[in-house]
Every structure is written in structure tokens, then in C-alpha cells.
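Undergrad: Have a look at this prediction, sequence included:
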Amino acid sequence: MEILIDTVNLDEIKKYNQMLNLSGVTSNPTIIKKEGKVDFFEHLRQVREIIGPEKTLHVQAVGATAQEIIADAHRVLKEIDQQVYIKIPTNEQGLEAMKTLKSEGVHITATAIYTVFQGELAIAAGADYLAPYYNRMLNMNIDAPQVIAELAHAISLSASQTKILAASFHNVAQVTAAIKNGAQAVTIGTDVVAAGLNAPMIAAAVTDFKKDWVSLYGDQTIADLK
Ligand SMILES: O=C(CO)[C@@H](O)[C@H](O)[C@H](O)[C@H](O)COP(=O)(O)O
């Protein structure tokens, strides 16, 4: 299972890269905007420096035509590094760009996926990852778990190397449902990770154990015991 973090906040990336066995970082223009008008390439180079060369870094193209998307991809690869996964919306222009970029050996993450059909076309285009938008699908009354399950089935039927990198999560239950339905990877916002780990009941359990320990051994930790 791959866990990615859906932020380009450098402090958050440092924190979660230290805490979790992160597989990578995802971004889009909305995520970049949260950091203000940063120096785009320099900021993403800093993200790469934090996560290192082995983890995946996903950067979205913004061009509207296939040619513009391809040009965006070439610039990102030149300015950051050749290993970046170029996120491309799964529409007519995006699919055309994916086809060309794939033939050049570029890593592709097909994004803005709401339907099985989009996912199937992206698998056929050779995308490395598909990014179905879980919460946004639910908002459109689309059965998100079903879409993910059908995409997982399509991948296995075609024996393709494509992986599902589910995105757009607004709570922990959505993340676990995506994994249960066949997503090999999930990208999670730091707010959702924090909500899942900072639940009062977790803190209460830790406090209770600590109280019982202190009643027996005082303030010493296990490491301090004589
Ligand atoms: O697609 C990827 C990763 O491939 C994500 O960065 C993706 O763009 C984001 O999770 C979504 O756009 C966020 O969606 P939402 O929270 O606005 O519903």
C-alpha cells in the first residue's frame, strides 16, 4: 500500500515524511495556492529535496491543449527532475498528451477521474497512476467505492501496471473504503491524517495507560528502570 501526502507545505512534508512511511507527495494548482505565490520550480525542488529521489512527486500540468500540456511537462521535468509524475486531467486534450508523453517514457498520473470510462481510457493510454476523486464523486452522487472497484478489476483484466492513486478525501472512512475497494495508493490531506490520529479516544487510552504505569513505577520510563 502506498500512502502519499496531498500538500506542498514544506513543514508538513517534513513532519509527515518523518512520521509515516510516505511513498510520495501530490500537488495541484489549488494545493500550491495555499502556500501563496511561491517560486514554483524552486518550491517543488525543495519538496524533492525533503522526500528524496526514491519517492514519487506528482505535479499537475495546467495547459489547455495537448501541445500546451506536453510543453508544461517538458518544462517541469527540466526544472525539477526527470522522475516527476506529470498529472494530467483525463479529458480529450489530456489523453492526447498522455499518449505522446508516454511514448517519451514520461511518468503519468491521470487525474480528475470521476468515471470508470475515464479510468479505462487512461489505463489504455499507459498512465502509471489513476487519480479518482473520492469525495468529489460522492458530491456528484457517483458511487465512488464502485468506481474504484471497477477500475481495479479493469486493471487486473488487462494485466496493466497502472495503479489507482485515490484522491480527494475528506475523512478517514473514505480513505479506508478506497483501499478496501482496490486502490493501491491514496493521497491524503494533512487535515485528514491529523483527524485520524488525534481522536480524543486515542489520547484517552494513552493517558489511562500512563496513569496505571505511574501508579506502579512513578515518572520513570521503561528505559529508566533500574
Ligand atoms: O489528484 C491528486 C493526486 O494525483 C490530488 O492532488 C487531487 O488533485 C486532490 O486530492 C483533489 O483535487 C482535492 O480535491 P478536493 O479536496 O478539493 O475535493
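TA: Thanks, I have the structure now.
Undergrad: residue at max distance from the center of this structure?
TA: The C-alpha centroid of the chain is most remote from K226, which lies 46.0 Å away (Cα atoms, centre = their mean).
Undergrad: And the pLDDT for that one?
TA: K226 carries a pLDDT score of 88 in this model.
Undergrad: quick one, what contacts it?
TA: By Cβ atoms under 8 Å, 6 or more residues apart in numbering, K226 lies in contact with nothing. Where C-beta positions appear, they are placed from N, C-alpha and C, glycine not excepted.
Undergrad: what do you get for V38?
TA: V38 neighbours (Cβ under 8 Å, 6+ apart): I32.
Undergrad: Next: the one 10 residues further on.
TA: The contact partners of R48, by Cβ under 8 Å, 6+ apart, come to 57, 80-81.
Undergrad: The longest strand along the chain near the ligand at all?
TA: In the chain, taking DSSP state E as the definition, the longest strand is strand 107-113. Yes: applying Cβ under 6 Å from any ligand atom, one finds strand 107-113 in contact with the ligand at 109, 111.
Undergrad: what about the strands in this protein?
TA: Under DSSP E, the chain gives strands at 2-5, 22-26, 56-60, 85-89, 107-113, 129-132, 163-166, 185-188.
Undergrad: interface residues of this structure facing the ligand?
TA: 6, 26, 28, 58, 87, 109, 111, 131, 133, 135-136, 165, 167-168, 187.
Undergrad: list the buried ones in stretch 17-32?
TA: Going by neighbour count (16 or more other Cβ atoms under 10 Å), the buried part of stretch 17-32 is 17, 22-28, 31-32.
Undergrad: What of stretch 84-92?
TA: Buried residues in stretch 84-92 (16+ other Cβ under 10 Å): 84-90.
Undergrad: Out of those, flag the one nearest to the ligand.
TA: Nearest to the ligand among these is K87, at 5.3 Å by Cβ to the nearest ligand atom.
Undergrad: rewinding a little: partners of the longest strand of the chain, with directions?
TA: Strand pairing for strand 107-113, using DSSP bridges, gives strand 85-89 (parallel), strand 129-132 (parallel).
Undergrad: Tabulate those strands in CSV, adding columns for mean pLDDT.
TA: Formatted as CSV, these follow (pLDDT from 0 to 100):
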stretch, mean pLDDT
strand 85-89, 98
strand 129-132, 98
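Undergrad: want to try JSON lines for these, with distance to I70 as columns?
TA: Rendered in JSON lines, the data for those read as follows (distance: least, Cβ to Cβ, whole Å):
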{"stretch": "strand 85-89", "distance to I70": "9"}
{"stretch": "strand 129-132", "distance to I70": "18"}
